[in-house]
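Asks: Coordinates for the following, if possible.
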Amino acid sequence: MNFNNNTYDPEPDENGNYNSPAGWVPNPLDAINNFKFYQNVNRMLSNIKFNFALMDGLNMNFNIGSDWYNQDATAYIPIGSHGAPNGYARAALKNFQRLNADLNINYVTSFGEFIKSTSALGMSAQRDKRHTSILTSDKISPFVETVSGDITGKTDVTGERSIQGLYLQQTFGLWDKLFITGAVRWDQASPFGINSRTQFYPKASVSYLLSDNDFWKNSLGFINTFKIRASYGESGNMSALSDYERFSNYGDVNYVGDLGFVPSTAMGNENVKPERQKETEFGIDFSMFNNRFGGEFSWYNVDVSDLLLQIELAPSTGFSSRYENIGTMNNKGIELSLKGVPVQTKDLSWKVTGTFSKNKNVVNDIPGDQVTLHNTFGIVRAINGYPLGVHYGYYYHRDENGDIWVDDNGLPKRAVDENGTKLKKVIADPNPDYVASLINELSFGKFTFRLQLDQVKGFDVFNFTDRVNSHPSFAGGHYDEDELEGKLPKGYNKAAYNIWERYIEDGSFIKVRELYLGYNFDKGILGISNLNVYISGRNLYSFDNYLGWDPETSTAGQSNGVRGFDFNEVPIPRTLKIGLNATF
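Replies: Just a heads-up that it's a prediction; the model follows:
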């Protein structure tokens, strides 16, 4: 009988050298004990607001804000580590500046006794500048943790973009019951092409306060307010592209001492334009029991045209991806918000807020029925008739009862057709069934307390990290361990490795999103009109059954179409904050 050695000792030998599980990947203990990765962020937010009362009914406010931060990051891997035998060092510096300005002018007047008019004019401007510089070296001197010796990689990138907007809005209130609003908005964003840079968006809404009628007050007085509303509006995602993604960009390269240029992997598209969303919404707002309980309910329908997606390209194009306006999408859903004040006394207040939303989206009009989204190994797709970003891949061969078929050795296999061709289909949906939140706020004397729980239910995650770890190079992950313990038949991991359905997990979670405790001091201390100290935390704990770090993360971040795809992603940070607020 032949036996393969599928174990290794992670501890260092007498010379301090770490063994590798596959001869080329780092030993986890080596990474924990010797690799050094640091990041330091300095950030400053500022805001100034001016309010002017120009004349009776005419007011203006002007707001200027800025967001400045720099991020300094370093990395160090010592000489002799697997994967970096000559050592590795990296130094990266990122600077970001954002300036924004908003101007709003409002004029309120009346026409007779029953008509009230509110006119609004507004402008906004935002300008971003960013600069990133990175130096790397994979040949460093012994015991030197900075970039030294041969600089084997350098990156220096700058970017700028601007977004401007202008709006006009007019509202008429009739008898303080019926409110009619019409508005138009123009937006302009530099990342888009000249022909599509400026977009026009209309909006209209109407609402009626039923509870302000005599018949309501006489028969349903315990319901303090009840309003019905309807609206229609158009909008677009003007910030969907980064600074220069509409271009086919080039970067400099040094080849045998000579300078040159090489194209990026992304093909430009100067005709790309923002998605356009057309939304219709109906809803009600109410409060009752002396405003101790209330809520809002909305039903909406959103039609999205010119769906903007980063799709994969054939290698023959010379590029790997390109942004295109391709297809349409429809979203339908409901939103519910309920608020209550169970306890309200002189010294104690308890407020509860609950929210619930449910959305269903379907993609249509994709040429060729489907496209593959970028950086997902062909897994995430936009397919006609399915939700955006479904996972598409190999799946288990199953029997007539839908159970996974296994051979005499208990091993599964991929589904194939009559010719033996391996089959693919939609195997997962990363869009949740619903999203909900529960917020409790307590005030007792000078103490304030807030707890927010968030729930996302019924969405799938492709745990690509689990697939990588199940490879023999990484000791088979937990699957080989299950084989050794007899939980799985011998050879199961190898047989199921390329069945992508295997790595689909339920990502449902309940997360302790925020916990806050504060104390308000008496007024007048040291001339301070208000003094508050607090401790707070975010993302403190996640209740889930996900095998990875965090089901809420995604490789593509906030990408339009890629969701629920986890490939070596770090979890959303758990943050703790101690603060002091003072007003003089």
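Asks: Please enumerate residues in contact with stretch 290-300?
Replies: Residues outside stretch 290-300 that contact it (Cβ atoms under 8 Å, 6 or more residues apart in numbering): 224-225, 279-288, 331-341, 344. Backbone N, C-alpha and C define where each C-beta goes, glycine included.
Asks: Can you list the buried residues in it?
Replies: Buried residues in stretch 290-300, counting neighbours by 16 or more other Cβ atoms under 10 Å, are found at F293, G294, G295, E296, S298, Y300.
Asks: repeat for stretch 362-380
Replies: For stretch 362-380, using 16+ other Cβ under 10 Å, the buried residues are V363, I366, Q370, V371, T372, L373, H374, T376, I379, V380.
Asks: follow-up on the earlier one: among the buried residues of stretch 290-300, which pair sits farthest apart?
Replies: The distance between the two most remote of the buried residues of stretch 290-300 (Cβ to Cβ) is 24.0 Å, for F293 and Y300.
Asks: Any stretches of the protein with poor pLDDT?
Replies: Applying pLDDT under 70 to the chain flags the ranges 1-9, 21-24, 149, 254-258, 524-527, 557-560.
Asks: repeat that with 50
Replies: For the chain, applying pLDDT under 50 flags the ranges 1-3.
Asks: Quick check: closest non-adjacent residue to W186.
Replies: Nearest residue to W186, sequence neighbours excluded (Cβ to Cβ, 6 or more residues apart in numbering): L166, at 4.8 Å.
Asks: So which other helices or strands are in contact with the helix or strand where that neighbour lies?
Replies: Assigned by DSSP states H and E, L166 falls within strand 153-174. Using 3 or more Cβ pairs under 8 Å, 6 or more residues apart in numbering; DSSP states H and E as the contact test, the elements touching strand 153-174 are strand 115-137, strand 178-189.
Asks: Make TSV from these and add distance to D56 and mean neighbour count to it.
Replies: As requested, the helices and strands packed on strand 153-174 are exported to TSV (distance: least, Cβ to Cβ, whole Å; neighbours: other Cβ atoms under 10 Å):
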stretch	distance to D56	mean neighbour count
strand 115-137	14	16
strand 178-189	22	17
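Asks: Looks like S305 contacts G236 (just checking).
Replies: No - the criterion here is Cβ atoms under 8 Å, and S305 misses it with G236 at 10.0 Å.
Asks: just how off-centre is the helix or strand where Y76 lies within its chain?
Replies: Taking DSSP H and E as the definition, one finds Y76 inside strand 58-77. Its chain's average C-alpha position is 19 Å from that of strand 58-77, according to Cα atoms, centre = their mean, to the nearest Å.
Asks: Report the inter-axis angle for that strand versus strand 115-137.
Replies: 20 degrees (axes from the mean of the first three to the mean of the last three Cα atoms, to 10 degrees).
Asks: Identify the neighbouring strands of strand 58-77 in the sheet and state each direction.
Replies: Under the criterion DSSP bridges, strand 58-77 sits next to strand 36-55 (antiparallel), strand 88-111 (antiparallel) in its sheet.
Asks: closest to W500 out of those?
Replies: Proximity to W500 (Cβ to Cβ) singles out strand 36-55 among these, at 30.9 Å.
Asks: what's next to the closest one, contact-wise?
Replies: So strand 36-55 is in contact with 59-76, 145, going by Cβ under 8 Å, 6+ apart.
Asks: cutoff 10 Å now
Replies: Applying Cβ atoms under 10 Å, 6 or more residues apart in numbering, the external contacts of strand 36-55 come out as 31, 58-78, 89-90, 92, 94, 96, 98, 100, 102-103, 105, 107, 145.
Asks: Mind giving me the PyMOL select for those residues, buried ones only?
Replies: Restricted to buried positions by 16+ other Cβ under 10 Å, the PyMOL selection for the contacts of strand 36-55 reads:
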select buried, resi 31+74+75+76+77+78+89+90+92+94+96+100+102+103+105+107+145
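Asks: What ranges does this structure have for its helices?
Replies: 28-34, 214-219, 464-469, 477-484, 492-496 (DSSP state H).
Asks: Relative to the whole chain's centre, how far out is the fourth one?
Replies: The one in question is helix 477-484. Worked out by Cα atoms, centre = their mean, helix 477-484 lies 33 Å from the chain centre.
Asks: for the first one, same thing?
Replies: Averaging C-alpha coordinates over helix 28-34 and over its chain gives two centres that are 31 Å apart (Cα atoms, centre = their mean).
Asks: Tell me the buried residues in that helix?
Replies: When neighbours are counted by 16+ other Cβ under 10 Å, the buried residues of helix 28-34 are found to be D30, A31, N34.
Asks: In PDB, list the C-alpha atoms belonging to that helix.
Replies: In PDB, the C-alpha atoms belonging to helix 28-34 read as follows (Å, rounded to 0.1, in the frame of the first residue of the first chain):
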ATOM      1  CA  PRO A  28       0.600  30.500   8.200                       C
ATOM      2  CA  LEU A  29       2.700  30.700  11.400                       C
ATOM      3  CA  ASP A  30       5.500  32.400   9.400                       C
ATOM      4  CA  ALA A  31       3.000  35.000   8.200                       C
ATOM      5  CA  ILE A  32       1.700  35.600  11.700                       C
ATOM      6  CA  ASN A  33       5.000  35.800  13.400                       C
ATOM      7  CA  ASN A  34       7.300  37.500  10.900                       C
END
